[in-house]
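**Student:** can't give you the sequence, but here's the structure:
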Ligand SMILES: NC(=O)c1ccc[n+]([C@@H]2O[C@H](COP(=O)([O-])OP(=O)(O)OC[C@H]3O[C@@H](n4cnc5c(N)ncnc54)[C@H](O)[C@@H]3O)[C@@H](O)[C@H]2O)c1
């Protein structure tokens, strides 16, 4: 996600209670008082700077909204390139229970793929398997075959959990052809105060989690001597620095994903395994909508920086993801496909 913003009252007590971190040291407090001074605001360049007042820990699980599935399919009645079809493919989507992963999984199902939704929140993933199949049947009442959609638990940052999840998916689907890594999160703390335990957690999920799933699926494809296509979900934050929210570790993690895709693309090209990065800009997921409803100024600031003048809808990622997974992109390897309304161009 490009960012999640809930500006908080900045008292030391509040900061410690939400973030569960040690009290701010005197040295840190001194640094803060220097660069937060009002005198530095409204100076030339201030609109393209991060603002240390914006501090947002990732919300607790029970506060996260669940995304209702929207209609975005359509019966296969209009001519289209057959090479867009994912028919007979099995796709695995990490972070598939919610948000962008779920919508991309929906695009894959609508394109005929069987899909394994992998998430730490298995209960939500299970609920969505039925929703995806129901939505497919509503949109395609005459379809000859109904895609199989399953739910699986994994903590993507834990190698043992990743390995057992891959075994379970192969047991239930017979194989894996496509991977989408969407499990990831962001938080906003200025770099000088970023709690180290949270930084490590963020990199473990965003970077290690992507690496572990990509390598595990690649081993499976190589054993089968089968080609495959992977889409690693990065972010425009891997190429630019968002403002006003400070999020250095997240930006670093997403720059890592971009180059991970390029590096693996070169390493696995001999095996017919393509790896591309898909980098969303600001997308209006249910959670982002909730946060921005509470912070209209922030939405205005973000939108003012997007040449297309609006945030993206999660469904805007369906086509680009399916394109990268399908045969249509068979000579596209190691790219960073930005879906950001032009944000990174200016
Ligand atoms: N929403 C945006 O505007 C946006 C923009 C750019 C990039 N992204 C990226 O897209 C991806 C998905 O973001 P989203 O907005 O859909 O987030 P989200 O929080 O709505 O969904 C993320 C999903 O990942 C799962 N997850 C988190 N940690 C996990 C772990 N350790 N193991 C397994 N599953 C885990 C969550 O349970 C959740 O279902 C992230 O990588 C994010 O950085 C999002």
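**Tutor:** That came through, no problem. All values derive from a computational prediction rather than experimental measurement.
**Student:** What ranges does the stretch 1-150 of the chain have for its helices?
**Tutor:** Shown for the stretch 1-150 of the chain, the helices assigned by DSSP state H, counting those that start in this stretch span residues 12-19, 26-35, 99-110, 122-139.
**Student:** what's the nearest residue to residue 120 if we skip its chain neighbours?
**Tutor:** Ranked by CB to CB, 6 or more residues apart in numbering and with sequence neighbours excluded, the top spatial neighbour of residue 120 is residue 155, at 5.4 Å. For the C-beta atoms, the positions are set from N, CA and C on the backbone; glycine is no exception.
**Student:** Confirm the one you found sits in a helix?
**Tutor:** No - the assignment for residue 155 (DSSP: H, G, I helix; E, B strand; the rest coil) gives coil, which keeps it out of a helix.
**Student:** what about it, neighbour count?
**Tutor:** Residue crowding around residue 155 was assessed by other CB atoms under 10 Å; the count is 16.
**Student:** Which residues are in contact with the residue of the stretch 151-300 of the chain found nearest the ligand?
**Tutor:** The stretch 151-300 of the chain approaches the ligand most closely through residue 184 (2.4 Å), counting by CB to the nearest ligand atom. Going by CB atoms under 8 Å, 6 or more residues apart in numbering, residue 184 touches 1, 95, 205-206, 209-210, 233, 253.
**Student:** hmm, the helix or strand containing residue 257 touching the ligand?
**Tutor:** Secondary structure here is read from DSSP states H and E; on that basis residue 257 sits in helix 248-268. No - Helix 248-268 lies out of reach of the ligand by CB under 6 Å from any ligand atom, never closer than 6.6 Å.
**Student:** which helices and strands sit right next to that helix?
**Tutor:** With contacts taken as 3 or more CB pairs under 8 Å, 6 or more residues apart in numbering; DSSP states H and E, helix 248-268 sits against helix 196-203, helix 209-224, strand 228-233, strand 273-280, strand 336-339.
**Student:** same thing but 10 Å
**Tutor:** On a contact count with 3 or more CB pairs under 10 Å, 6 or more residues apart in numbering; DSSP states H and E, helix 248-268 meets strand 178-181, helix 196-203, helix 209-224, strand 228-233, strand 273-280, strand 336-339.
**Student:** ok, what's across the strand from the residue nearest to residue 316 when sequence neighbours are not counted?
**Tutor:** Nearest in space to residue 316, with sequence neighbours left out and distances taken as CB to CB, 6+ apart, is residue 339 at 5.9 Å. With DSSP bridges applied, the residues forming beta bridges to residue 339 are residue 280.
**Student:** Run through the residues of the chain sitting next to the ligand.
**Tutor:** Of all the residues in the chain, those lying near the ligand are 1-2, 94-95, 97-101, 119-121, 154-157, 182-186, 205, 209, 233, 235, 280, 282-283, 285, 287-288, going by CB under 6 Å from any ligand atom.
**Student:** Out of the residues you listed, which end up buried?
**Tutor:** 1-2, 94-95, 97-101, 119-121, 154-157, 182-186, 205, 209, 233, 235, 280, 282-283, 285, 287-288 (16 or more other CB atoms under 10 Å).
**Student:** quick one: the residue nearest to residue 188 when sequence neighbours are not counted and residue 199, what's the gap?
**Tutor:** Once its chain neighbours are removed from consideration, residue 188 has its nearest residue in residue 56; the separation is 4.0 Å (CB to CB, 6+ apart). Counting by CB to CB, to the nearest Å, the gap between residue 56 and residue 199 amounts to 15 Å.
**Student:** Which residue of the two possesses the greater neighbour count?
**Tutor:** Counting neighbours by other CB under 10 Å for residue 56 and for residue 199 shows that residue 56 has the greater number, 22 against 18.
**Student:** How confident is the prediction for the residue nearest the centre of the chain, by pLDDT?
**Tutor:** Nearest to the geometric centre of the chain sits residue 182, at 3.9 Å (CA atoms, centre = their mean). Residue 182 is assigned a predicted lDDT (pLDDT) of 98.
**Student:** residue contacts, the closest residue to it other than its chain neighbours?
**Tutor:** Closest residue to residue 182 in three dimensions, ignoring its sequence neighbours and counting by CB to CB, 6+ apart: residue 101, at 3.2 Å. When contacts are counted by CB atoms under 10 Å, 6 or more residues apart in numbering, residue 101 touches 67, 93-95, 117-119, 125, 128, 180-184, 233, 314, 317, 321.
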